[in-house]
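Trainee: Give me a 3D structure for the following:
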Amino acid sequence: MIEGPYFALTVLGVLGTGLVAGVFFGFSAFVMRGLAALPTARGVAAMQAINVAAVTPPFMVLFVGSALLCAVLAVVTFVLWPDEGTVELLLGSGLHLIGSFGLTMAANVPRNDALARLEPESAEATAYWPRYVREWTAWNHVRAAASAGAAVSYISALT
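Mentor: Below is the predicted model of the structure:
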């Protein structure tokens with residue numbers, strides 16, 4: 001069984017990846033649906049405001065901190081190569097680092113940046129909004145599943 005500081009890091013990994021999964025799940029389950037139901041200009045403006053609010057210390061500490069913690073867990077696992085939980089720890093770290101953090105940088109952030117450049121009332125925003133909602137939400141489903149999978153994998157390493 002994992003013990004000591006390594007145990008604490010893994011528990012923090014469960015907590016961090018689980019919280020990130022919850023945030024992403026909330027967006028997939030109801031936030032994006034609610035925004036899509038608004039008139040386009042209001043939906044665009046609301047999402048632009050959400051994207052600005054997301055890049056503040058509370059969420060960034062959780063999001064970036066969880067990714068850093070997963071990276072530390074992966075490195076420590078490679079160095080120590082424990083008798084138990086190795087596969088689960090590496091899988092959890094990979095799921096979160098690639099499927100959540102990496103995917104955010106590769107898929108969601110570029111869409112957010114494109115949306116930020118648009119005036120909510122413009123024809124470009126009206127044309128882009130349905131595609132943005134569809135694509136952003138699809139990638140967000142993957143991020144939510146990857147973060148949840150990481151949390152489950154870390155829990156499995158502890159048992």
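Trainee: Just give me how far the longest helix along the chain sits from the chain centre.
Mentor: Counting by DSSP state H, the longest helix found in the chain is helix 123-158. Distance of helix 123-158 from its chain centroid, counting by C-alpha atoms, centre = their mean, to the nearest Å, is 7 Å.
Trainee: would you list every one of the helices in the protein?
Mentor: Along the chain, counting by DSSP H, helices occupy 4-26, 32-37, 40-54, 57-80, 86-96, 103, 109-116, 123-158.
Trainee: In contact with the spatially most central residue of the chain: list those residues for me.
Mentor: The residue lying closest to the centre of the chain (C-alpha atoms, centre = their mean) is residue 100, at 4.4 Å. Contact analysis of residue 100 by C-beta atoms under 8 Å, 6 or more residues apart in numbering lists 17, 20-21, 24, 66-67, 143, 146-147, 150. Where you see a C-beta, it was placed from the backbone N, CA and C, and this is true even at glycine.
Trainee: what do you get for residue 72?
Mentor: Residue 72 is in contact with residue 9, counting by C-beta under 8 Å, 6+ apart.
Trainee: ok, so what distance separates it from residue 101?
Mentor: Separation of residue 72 from residue 101 (C-beta to C-beta, to the nearest Å) stands at 13 Å.
Trainee: got a pLDDT number for residue 159?
Mentor: Looking at residue 159, its pLDDT stands at 87.
Trainee: scratch that, residue 68 is what I was asking about
Mentor: Residue 68 is assigned 98 on the pLDDT scale.
Trainee: That one: neighbour count?
Mentor: The tally of other residues near residue 68 (other C-beta atoms under 10 Å) stands at 13.
Trainee: Residue 122 now?
Mentor: Neighbours of residue 122 (other C-beta under 10 Å): 13.
Trainee: Verify the stated contact: residue 36 with residue 132.
Mentor: No: taking contacts as C-beta atoms under 8 Å, residue 36 lies outside contact range of residue 132: 9.6 Å.
Trainee: neighbour-wise, which of these two wins?
Mentor: Between residue 36 and residue 132, residue 132 has the larger neighbour count (other C-beta under 10 Å), namely 22 against 16.
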